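Chemist: starting from these lines, generate the structure:
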Amino acid sequence: MRVELLVSEWCPTCPAAEQVWREVAAEREFEFAVVDAAQPEGRALVARLHLRSVPSLVIDGVLRAVGVQTPEEARALVADAPARGRKHRAYHAGMMLSRDNRLWIVAAMAYLAASALILLFAGSLLPDGPGRGAAAHAFGAGFVTFLIFGLAAHMLPRFTGNPIAMAPWTWVQLGAANAGLPLLAVGLWRETPALSVAGGALLWLALAVFAGRILPVLLGRSGAERAAPEAGAEAL
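Modeler: Now for the predicted structure:
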């Protein structure tokens, strides 16, 4: 069973509908995707089913409901789906940031503040400043890279229509990055190579996990490509 929730950026009730269906998708064994009406897959769905409002719920290619369903109504619509034996490991990104992506962005802001504080109290913009290397990595590896991690994991699955791997890999990535960066910064500041190497290795592990999660999203067949044959048949 495939459940698609058509949403739009300007729709005030779509986040509530998404939250209901994410809860039900965690309970029942079916493929769930939040489809943005502005993206190619969403436009193909609108054209094929002549959809006129959001949120709209499509189950196995058939329009089944519009508006926001209660959890009980949602469960009734997928009553034939079996209970989910384990937590699903792939996530179709929707309108709302997932918890891990929120954590990446919060961490990015924290490292931005940390880099400024290091320069203010213990470092310098000059080459010989004792905290310059730590501040540079807090900004570059912390603020910039963590912001990319959070936004890319949210936006790229939306643009491609492909799911992104979640637990346990998202938590391995988050843990490795947040353990590695402080070790690297302290090692640079205190001129302790062992700490720097350990921190750098953990950061590279986080990058490798991120690459393993994001490459299938980019290289897989996009939602628009999957929808194209059906849209073409409708046109004929």
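
Chemist: could you use CA atoms for every contact and neighbour count after this?
Modeler: Will do.

Chemist: distance of D36 relative to L5?
Modeler: 8 Å (CA to CA, to the nearest Å).

Chemist: just checking, what packs against the lengthiest helix in the chain?
Modeler: Scanning the chain for the longest helix, with DSSP state H as the assignment, gives helix 193-219. Where contact means 3 or more CA pairs under 8 Å, 6 or more residues apart in numbering; DSSP states H and E, helix 193-219 is packed against helix 145-160, strand 164-165, helix 169-190.

Chemist: point out the most buried one among the ones you listed.
Modeler: strand 164-165 (a mean of 22; mean count of other CA atoms under 10 Å).

Chemist: how's this protein carved up into domains?
Modeler: Residue ranges of the domains in the chain are recorded as 2-86, 99-219, according to automatic domain parsing.

Chemist: tell me the helix or strand right after the helix or strand where G42 lies.
Modeler: Assigned by DSSP states H and E, G42 belongs to helix 40-49. Using DSSP H and E, the helix or strand that follows helix 40-49 in sequence is strand 56-59.

Chemist: mind listing the strands that following strand pairs with, and their directions?
Modeler: strand 2-7 (antiparallel), strand 62-66 (antiparallel) (DSSP bridges).

Chemist: put the alpha carbons of the following helix or strand past the longest one into CSV.
Modeler: It stands for strand 2-7. Downstream of strand 2-7, the first helix or strand assigned by DSSP H and E is helix 14-27. Extracted C-alpha coordinates of helix 14-27, given in CSV (Å, rounded to 0.1, in the frame of the first residue of the first chain):
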residue,chain,number,x,y,z
CYS,A,14,-1.0,20.8,5.7
PRO,A,15,1.4,20.5,8.7
ALA,A,16,-1.4,19.2,10.9
ALA,A,17,-2.4,16.6,8.2
GLU,A,18,1.3,15.5,7.9
GLN,A,19,1.7,15.1,11.6
VAL,A,20,-1.4,12.8,11.8
TRP,A,21,-0.2,10.7,8.9
ARG,A,22,3.3,10.4,10.2
GLU,A,23,1.9,9.0,13.4
VAL,A,24,-0.2,6.5,11.6
ALA,A,25,2.7,5.6,9.2
ALA,A,26,4.8,4.7,12.3
GLU,A,27,2.1,2.3,13.4
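
Chemist: low-confidence ranges, the chain, go.
Modeler: 85-95, 122-130, 221-236 (pLDDT under 70).

Chemist: how about a cut-off of 80?
Modeler: 39-40, 85-98, 119-132, 158-161, 167, 220-236 (pLDDT under 80).

Chemist: list the buried residues of the longest helix of the chain.
Modeler: Neighbour-count burial for helix 193-219 flags 195-203, 205-207, 209-210, 213-214, 217-218 (criterion: 16 or more other CA atoms under 10 Å).

Chemist: just send the helices and strands packed on helix 193-219 back as TSV, with distance to W10 too.
Modeler: Shown next, in TSV, are these (distance: least, CA to CA, whole Å):
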stretch	distance to W10
helix 145-160	16
strand 164-165	24
helix 169-190	29
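
Chemist: so which of these is nearest Q69?
Modeler: Smallest distance to Q69 across the helices and strands packed on helix 193-219 (CA to CA): 22.4 Å, for helix 145-160.

Chemist: circling back: most neighbours per residue, which of the strands paired with strand 56-59?
Modeler: strand 2-7 (a mean of 22).

Chemist: any chance you could list what contacts that strand?
Modeler: Contact with strand 2-7 is made by 14, 18, 30-37, 42, 54-61, 95, as judged by CA atoms under 8 Å, 6 or more residues apart in numbering.

Chemist: can you select the buried ones from the residues you listed in ChimeraX?
Modeler: Filtering the contacts of strand 2-7 down to the buried ones (16+ other CA under 10 Å) takes a single ChimeraX command:
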select :14,18,30,31,32,33,34,35,36,37,42,54,55,56,57,58,59,95
